[in-house]
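Colleague: what follows is a protein structure lacking sequence information:
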């Protein structure tokens with residue numbers, strides 16, 4: 001009890017002394033007595049404060065870093081999530097833009113040919129019984145799709161429907177080895193059959209074409225369109241197929257074999273259209289893209305002009321004249337290699353290029 005009273009008394013005296021010193025320091029800041037003393041005390045406590053700060057600042061920074069590490073980690077994870085979301089949205093926008101362009105191209109081709117189509121999108125690549133190259137689309141019988149319907153995209157023929165459910169359908173691609181379609185040549189209309197090559201065709205990069213008439217011309221670069229089937233089943237007429245790239249020599253056979261590059265990229269089919277109603281008239285070659293222009297030939301160089309004859313200057317010998325063998329000397333002229341006639345005096349040429357007659361005196 002006594003110790004407690006003494007402690008309180010001592011604490012009170014210290015507080016009173018502190019208040020007195022603060023009051024005196026405030027009122028007599030510029031007095032010559034307390035001014036130097038205040039400066040000395042401030043310098044002493046300032047040095048102690050700097051030393052303590054030097055020791056405790058790293059510790060405080062470490063403690064603050066440990067305390068804020070959890071918040072920083074959560075912020076970094078949040079930024080990563082937002083970045084991934086933005087990248088996904090950007091990729092989706094690019095895909096949507098590309099699909100929109102493919103859809104517009106497909107609808108443009110269908111409208112030009114007079115086809116009534118149901119747009120669809122490839123959702124999976126699957127193998128159907130008896131086929132190797134087939135895809136599944138997100139449209140089926142509920143949309144009016146049934147087997148043996150033509151499938152195309154904005155570039156050309158893709159394949160045909162082989163089976164359908166209420167919401168999906170299976171499409172066999174033109175590059176499948178078991179797939180074939182009637183085709184004809186651009187312009188001439190010569191008939192043939194376009195068939196798939198499977199893996200031998202480079203995953204849809206090349207198909208085979210057999211021309212029925214082996215005597216008909218089949219130049220490289222000729223384009224193919226579908227010939228069409230009865231009532232447009234399974235292929236409608238006029239759909240672009242591909243361009244002839246290679247022709248094989250087949251002597252003695254009734255048909256000629258060639259290889260063509262399909263217009264449609266059968267290895268990355270995405271947006272397609274299923275033809276549910278064919279055109280009233282055969283569009284023939286109207287759906288083919290514009291033919292590529294031939295490369296311009298380099299302009300011929302103009303012929304070099306003959307150089308004009310240079311006249312002989314005084315004191316110089318004139319260039320010799322070469323007689324043509326076909327020319328014959330006129331009567332009275334001297335033929336090359338013969339002597340001059342006796343009645344014609346021989347002439348001599350001096351050093352200065354002047355001609356003199358022997359026997360005459362110089363003027």
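Modeller: Done, it's in. As the structure is a prediction and not an experimental result, all values here were calculated from the model. Numbering: from 1, shown residues only.
Colleague: got the contact list for residue 262?
Modeller: Residues in contact with residue 262 (C-beta atoms under 8 Å, 6 or more residues apart in numbering) are 156-157, 174-175, 204-207, 241-242. To be clear about C-beta, it is placed using only N, CA and C from the backbone, and glycine gets the same treatment.
Colleague: if we use 7 Å, what do you get?
Modeller: Taking C-beta atoms under 7 Å, 6 or more residues apart in numbering, we find residue 262 in contact with 156, 174, 204, 207, 241-242.
Colleague: okay, and which of the residues you listed map to strands?
Modeller: 207, 241-242 (DSSP state E).
Colleague: any idea which helix or strand carries residue 20?
Modeller: helix 2-27 (DSSP states H and E).
Colleague: list the buried residues of that helix.
Modeller: Taking 16 or more other C-beta atoms under 10 Å as the basis for neighbour counts, none of the residues of helix 2-27 comes out buried.
Colleague: helices or strands next to it in the packing?
Modeller: Helices and strands touching helix 2-27, as assessed by 3 or more C-beta pairs under 7 Å, 6 or more residues apart in numbering; DSSP states H and E, comprise helix 34-113.
Colleague: pairing partners for the following helix or strand past the helix it packs on, with directions?
Modeller: Proceeding N to C from helix 34-113, the next assigned helix or strand is strand 116-126, under DSSP H and E. Each strand paired with strand 116-126, and its direction, by DSSP bridges: strand 134-137 (antiparallel), strand 271-277 (antiparallel).
Colleague: okay, buried residues for strand 116-126 please.
Modeller: 117-120, 122.
Colleague: could you dump those to TSV with distance to residue 222 and pLDDT?
Modeller: As requested, the buried residues of strand 116-126 are exported to TSV (distance: C-beta to C-beta, whole Å; pLDDT from 0 to 100):
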residue	distance to residue 222	pLDDT
117	27	95
118	32	95
119	31	95
120	31	95
122	30	95
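Colleague: closest one of the residues you listed to residue 84?
Modeller: Sorting the buried residues of strand 116-126 by distance to residue 84 puts residue 122 at the head of the list, at 26.2 Å, by C-beta to C-beta.
Colleague: what's the closest non-adjacent residue to that closest one?
Modeller: The spatial neighbour of residue 122 that comes closest, neighbours along the chain excluded (C-beta to C-beta, 6 or more residues apart in numbering), is residue 135 at 4.8 Å.
Colleague: wait, the one you found sits on residue 268?
Modeller: No. Contact between residue 135 and residue 268 fails when scored by C-beta atoms under 7 Å: they sit 10.6 Å apart.
Colleague: ok, the two, which is more surrounded?
Modeller: Relative neighbour count places residue 135 above the other of residue 135 and residue 268, with 22 against 9, counting by other C-beta atoms under 10 Å.
Colleague: low-confidence stretches in the stretch 51-200 of the chain?
Modeller: Within the stretch 51-200 of the chain, the ranges that satisfy pLDDT under 70 run 51-53, 55-57, 59-71.
Colleague: so what are the domain limits for this structure?
Modeller: Segmentation of the chain into domains, based on automatic domain parsing, reads 10-113, 116-277.
Colleague: including distance to residue 285, could the ones you listed go into JSON lines?
Modeller: As requested, those are arranged in JSON lines below (distance: least, C-beta to C-beta, whole Å):
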{"stretch": "domain 10-113", "distance to residue 285": "11"}
{"stretch": "domain 116-277", "distance to residue 285": "5"}
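Colleague: need the winner for burial among those domains.
Modeller: For these, the largest average neighbour count (mean count of other C-beta atoms under 10 Å) is found in domain 116-277, namely a mean of 19.
Colleague: and the nearest residue to residue 154 once chain neighbours are set aside, how close does it get to residue 156?
Modeller: Leaving out its chain neighbours, the residue that sits closest to residue 154 by C-beta to C-beta, 6+ apart is residue 105, at 2.6 Å. Residue 105 sits 11 Å away from residue 156, taking C-beta to C-beta, to the nearest Å as the criterion.
Colleague: do the same with residue 89
Modeller: For residue 89, the distance to residue 156 - C-beta to C-beta - is 33 Å.
Colleague: contact partners of stretch 125-142?
Modeller: The set of residues that contact stretch 125-142 without belonging to it, under C-beta under 7 Å, 6+ apart, is 118, 120-124, 145, 162-173, 175-178, 198, 204, 269, 272, 274.
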